[in-house]
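Asks: here is my input; please provide its structure:
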Amino acid sequence: MKILLLDIETAPNTVFTWGLFNQYVAIDQIIKPGYTLSWAAKWLGEDGVMFDSVYHSSPKKMVKRIHKLIDEADAVIHYNGSKFDMPILNKEFLLAGLSPPS
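Replies: Purely as a prediction, here's the structure:
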């Protein structure tokens, strides 16, 4: 069984807002949505960590590379990945024209 350990880092949304505290930010206030800055992954039981970022390759190449790893995995272990990492990556896969990983 191939188990992938995964973590991502993201850029924040850039928004227009009038206040600093307890603000409701509507969709039309978003200037630039957040995106995946980088990821790190490792196969459980193997040495070596894989890493890519928008600074090391193009955003599309970075997304394609993590998509391939997730697609190879039988299971993915992450911290808060079900509610954050995987939804963010699934958005990135759609924007890159990739199908959901198997």
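
Asks: packing partners of the one helix or strand residue 89 maps to?
Replies: Taking DSSP states H and E as the definition, residue 89 sits inside helix 86-95. The contact analysis (3 or more Cβ pairs under 8 Å, 6 or more residues apart in numbering; DSSP states H and E) places helix 86-95 against strand 3-10, strand 36-43, helix 59-72. Placement of C-beta: from N, CA and C, glycine included.

Asks: those: which one's closest to residue 16?
Replies: The stretch from the helices and strands packed on helix 86-95 with the least distance to residue 16 (Cβ to Cβ) is strand 3-10; that distance is 19.9 Å.

Asks: can you pull the buried residues of the closest one?
Replies: 4-6, 8, 10 (16 or more other Cβ atoms under 10 Å).

Asks: who touches residue 60 in this structure?
Replies: Under the criterion of Cβ atoms under 8 Å, 6 or more residues apart in numbering, the contact list for residue 60 reads residue 96.

Asks: for it, give me the pLDDT.
Replies: Among the per-residue scores, residue 60 holds a pLDDT of 94.

Asks: what separation is there between it and residue 77?
Replies: In this view, residue 60 and residue 77 are 26 Å apart by Cβ to Cβ, to the nearest Å.

Asks: which among the buried residues of strand 3-10 gets closest to residue 95?
Replies: Distances from the buried residues of strand 3-10 to residue 95 were compared by Cβ to Cβ; the smallest belongs to residue 10, at 13.6 Å.

Asks: isn't the closest one right up against residue 88?
Replies: Yes. Residue 10 is within contact range of residue 88, at 6.0 Å (criterion: Cβ atoms under 8 Å).
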